[in-house]
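Chemist: Got a predicted structure here, sequence first:
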Amino acid sequence: MNVIVIGAGVIGASAADALAGAGHAVHVLDMRGPGRGASQASAGVLAPFIEAHDGDPWLDLCVESLSLYDAFIEGLRVRSRRPVQYQRSGTFEVAVSPDDVARLNALRAWLAARGVTSEWFDGAAAKAFEPAISAAALGALNIPLHGFVSVPDLVGALTHAASLAGASFESPAEAVSVTSSNASVTVSIGSRSLSADAVVVATGSWSSRVKVNGAPAADIRPIRGQLLHLKWPEDQAMPQRVVWSPRCYTVPWTDGSLLVGATVEDVGFDERSTVSGVHDLMAAAGDVLPAVWRATLHEVRVGLRPAPVGGLPIIGPSPSSPRVILATGHYRNGVLMAPLTAKKVVEAVER
Ligand code: GLY
């Protein structure tokens, strides 16, 4: 089939790669370029048991997608012939108050009941396990199943693999409307239009601006996230895994970079970084990793998370046409949800 994918963030790029790999003729449109929306400010943390808790419908989706990740990355490395930094080195969630200790021990018991391995470290043991953390930490919960992926590597490899499989990419190209008939779908981009057998709308925070048969593709709200890219001081032991605290999370890269995320701000489509964002993230990171105050500030990245007004990601045919597949609203979990979303998109296109 001929398929147009609108949006080349991690979701659109994963869908394009999976569709091209399944033999479809894929053309991808993006208003800015691959990975320039929410993906550019993602730290790539893969942590379903931190992001969602008991009874939250996101949990099963995120857990299922994480279970696909090893094969997703392995296949991508082979097909793209590119390295993708990916580690399942766990998350170390630090307790800084007695309430945190109680909450994390309750989480440990709940994980054990689900058959998920986790390990609690009391204060001194936590510091011995992860020497970069503050001596004031009361303890920490290690969840080895979790991990992280480099999002720039991931988006680059996905677009490259999709191209090798025949997909074409076009940007800047802002699709403003999608109109379906029984036989095809037409996408309007400014004054010109393109037709295909199916269209995938993966436009993240901008999804409500794309009209599908006259109505917004999805009801999505942008939530700004600011992320710091630091260079860790060379004479200090770098954290060995994702460190998560009540007010931030940090991700260590092999080149000595540390990512610190992320603010959660309801400020519309404002993609600027702010002094208060940098201040709050630095203060939060300094509480758990004191050596962060000696790091150098390389960059502040900003992305708009697509928060679905209905609460859950929207993956599947649009209500007005089976030829228009929606893949949006992944909020904090676009990178984590990429493998499962790509699989569901291919199923929906081929149905
Ligand atoms: N997934 C973490 C965040 O959105 O900040």
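Modeler: Done, it's in.
Chemist: Just to check, Gly329 is in contact with Met337?
Modeler: No. Assessed by Cβ atoms under 8 Å, Gly329 is found out of contact with Met337, at 9.9 Å. Quick note: C-beta positions are derived from backbone N, CA and C, even for glycine.
Chemist: list the residues that contact both of those two?
Modeler: Counting by Cβ atoms under 8 Å, 6 or more residues apart in numbering, the contacts common to Gly329 and Met337 are Pro313.
Chemist: got the residue ranges for the strands in the stretch 251-351 of the chain?
Modeler: For the stretch 251-351 of the chain, the strands defined by DSSP state E, counting those that start in this stretch cover 257-261, 296-308, 314-318, 321-328.
Chemist: Sheet partners, orientation included, of the last one?
Modeler: Each strand that pairs with strand 321-328, with its direction, by DSSP bridges: strand 198-201 (parallel), strand 314-318 (antiparallel).
Chemist: Residue of the stretch 101-250 of the chain nearest the ligand, please.
Modeler: Gly225 (5.0 Å; Cβ to the nearest ligand atom).
Chemist: One more: the stretch 1-150 of the chain?
Modeler: Counting by Cβ to the nearest ligand atom, the stretch 1-150 of the chain gets nearest to the ligand through Val45 (5.6 Å).
Chemist: which residues pair with that residue across the strands?
Modeler: Here Val45, judged by DSSP bridges, has bridge partners Phe148.
Chemist: swap in Phe121?
Modeler: Ala140.
Chemist: picking that back up, among the strands paired with strand 321-328, which is the most enclosed?
Modeler: Ranked by mean neighbour count under mean count of other Cβ atoms under 10 Å, the strands paired with strand 321-328 are led by strand 198-201, which reaches a mean of 28.
Chemist: now the helices for this structure?
Modeler: With DSSP state H, the ranges of helices along the chain come out as 10-21, 48-51, 57-67, 69-80, 98-114, 123-129, 151-164, 275-288, 334-350.
Chemist: can you redo the ones you listed as a markdown table with mean pLDDT, distance to the ligand and mean neighbour count?
Modeler: Converted to a markdown table, the helices of the chain look like this (pLDDT from 0 to 100; distance: least, Cβ to the nearest ligand atom, whole Å; neighbours: other Cβ atoms under 10 Å):
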| stretch | mean pLDDT | distance to the ligand | mean neighbour count |
| --- | --- | --- | --- |
| helix 10-21 | 98 | 12 | 29 |
| helix 48-51 | 97 | 6 | 21 |
| helix 57-67 | 97 | 10 | 18 |
| helix 69-80 | 98 | 15 | 17 |
| helix 98-114 | 97 | 17 | 14 |
| helix 123-129 | 96 | 22 | 15 |
| helix 151-164 | 98 | 11 | 22 |
| helix 275-288 | 98 | 11 | 17 |
| helix 334-350 | 98 | 7 | 23 |
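Chemist: Can you check which of these gets nearest to Ile315?
Modeler: For Ile315, the closest of the helices of the chain is helix 334-350, at 4.9 Å, according to Cβ to Cβ.
Chemist: Can you tell me which helices and strands that closest one packs against?
Modeler: Applying 3 or more Cβ pairs under 8 Å, 6 or more residues apart in numbering; DSSP states H and E, one finds that helix 334-350 contacts helix 10-21, strand 45-46, helix 57-67, helix 69-80, helix 151-164, strand 198-201, strand 314-318, strand 321-328.
Chemist: what about dumping the CA coordinates of that helix to PDB?
Modeler: The C-alpha trace of helix 334-350 is given here as PDB (Å, rounded to 0.1, in the frame of the first residue of the first chain):
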ATOM      1  CA  GLY A 334       6.500   8.300  23.400                       C
ATOM      2  CA  VAL A 335       9.900   6.700  23.400                       C
ATOM      3  CA  LEU A 336       8.900   3.900  25.600                       C
ATOM      4  CA  MET A 337       5.700   3.300  23.600                       C
ATOM      5  CA  ALA A 338       7.400   3.400  20.200                       C
ATOM      6  CA  PRO A 339       7.700  -0.400  19.500                       C
ATOM      7  CA  LEU A 340       4.100  -1.200  20.500                       C
ATOM      8  CA  THR A 341       2.700   1.800  18.600                       C
ATOM      9  CA  ALA A 342       4.600   0.900  15.400                       C
ATOM     10  CA  LYS A 343       3.200  -2.700  15.700                       C
ATOM     11  CA  LYS A 344      -0.300  -1.400  16.200                       C
ATOM     12  CA  VAL A 345       0.000   1.000  13.300                       C
ATOM     13  CA  VAL A 346       1.100  -1.700  10.900                       C
ATOM     14  CA  GLU A 347      -1.800  -3.900  12.100                       C
ATOM     15  CA  ALA A 348      -4.300  -1.000  11.500                       C
ATOM     16  CA  VAL A 349      -3.000  -0.200   8.100                       C
ATOM     17  CA  GLU A 350      -3.100  -3.800   7.000                       C
END
